[in-house]
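*Asks:* below is the structure, and that's it, no one-letter string:
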C-alpha cells in the first residue's frame, strides 16, 4: 500500500522545483549551505576538558602541602570533564555559580587575560561546607574547537597579580596551545 505524501513533503517538493502535488515515492535532493552545515556541526559537537602536564605537576605538588584542597580540585576537574552537558554551557552567561554541582564552583572571566585576547576563565572551588578554598584553577577555552584546557592551579592570595612569574607562565601555557586570539569589542 502506498502512503500519501505529507503536506510538509509536498512543500519540500515544491521548493525543490516540483509542481506541489507529487506521487509517492519521490526523491528530493536538497543542498545545504556550507556555512549552515558548519554552524550545525559546531552546535552539536561535544565539549572536551583537557589537562596539561604542568597543571598535573602542580596538583601533585599541592597534594604534598594541602591534600584536602588538592583532592577537591582533582574531583572537580574529573567530574567536570565527565559532564558534557555542563561543559557545553560552561562559558555561557559568565559569571555564574554552579552550587548544585558536586563539588560546587564559581566561574568567571579573568578580565586581564580577556583584554589581552586570551579566553581564560577562573574556577573558584567550594569545599563541602560551602566555603571557598584557598586556590584558583585557570582554564583556557578554544571556542573554535570547543575544547577547554586546565592550565594551572594557583594560590588565591597571588593568582590575580599580573606582574608575577605565575601570571606570565599562565599566559605562556595558553599561547603554546595556539588558541586563536579573541577579538575585543570596542
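*Replies:* Good, I have the coordinates. Since we're looking at a predicted model, the values are computed, not measured. Residues are numbered from 1 along each chain as shown.
*Asks:* longest helix in this structure, please.
*Replies:* Ordering each helix of the chain by length in residues (DSSP state H) puts helix 67-82 first.
*Asks:* what's the offset of that one from the middle of its chain?
*Replies:* Here helix 67-82 shows a centroid-to-chain-centroid distance of 17 Å under the convention CA atoms, centre = their mean, to the nearest Å.
*Asks:* so which elements touch it?
*Replies:* strand 48-51, helix 53-65, helix 84-89, strand 120-125, strand 135-142 (3 or more CB pairs under 8 Å, 6 or more residues apart in numbering; DSSP states H and E). Any C-beta I mention is one placed from the backbone N, CA and C, and that applies to glycine too.
*Asks:* from residue 79, how far out is residue 157?
*Replies:* 26 Å (CB to CB, to the nearest Å).
*Asks:* those two: which is more packed in?
*Replies:* The neighbour comparison of residue 157 against residue 79 (other CB atoms under 10 Å) goes to residue 79, with 14 against 10.
*Asks:* hang on, the more buried one packs against residue 104?
*Replies:* No: look at residue 79 against residue 104 with CB atoms under 8 Å: they stay out of range, at 10.7 Å.
*Asks:* for residue 95, which non-adjacent residue is closest in space?
*Replies:* residue 108 (4.1 Å; CB to CB, 6 or more residues apart in numbering).
*Asks:* and residue 80, what does it touch?
*Replies:* Contacts for residue 80 (CB atoms under 8 Å, 6 or more residues apart in numbering) come out as 49, 86-87, 90, 101.
*Asks:* which of those are buried?
*Replies:* For those, a neighbour count by 16 or more other CB atoms under 10 Å gives the buried set as 49, 87, 90.
*Asks:* closest to residue 148 out of those residues?
*Replies:* In terms of CB to CB, no member of the buried ones among the contacts of residue 80 lies closer to residue 148 than residue 49, at 4.7 Å.
*Asks:* show me what contacts the closest one?
*Replies:* By CB under 8 Å, 6+ apart, the contact list for residue 49 reads 77, 80-81, 87, 139, 147-150.
*Asks:* what residues are up against the residue lying closest to it once chain neighbours are set aside?
*Replies:* Nearest-residue entry for residue 49: residue 81, 4.0 Å, with adjacent residues in sequence omitted and distances by CB to CB, 6+ apart. Taking CB under 8 Å, 6+ apart, we find residue 81 in contact with 48-49, 87.
*Asks:* buried ones in stretch 53-73?
*Replies:* Applying 16+ other CB under 10 Å to stretch 53-73 flags 54-55, 58-59, 62, 66, 69-70, 72-73 as buried.
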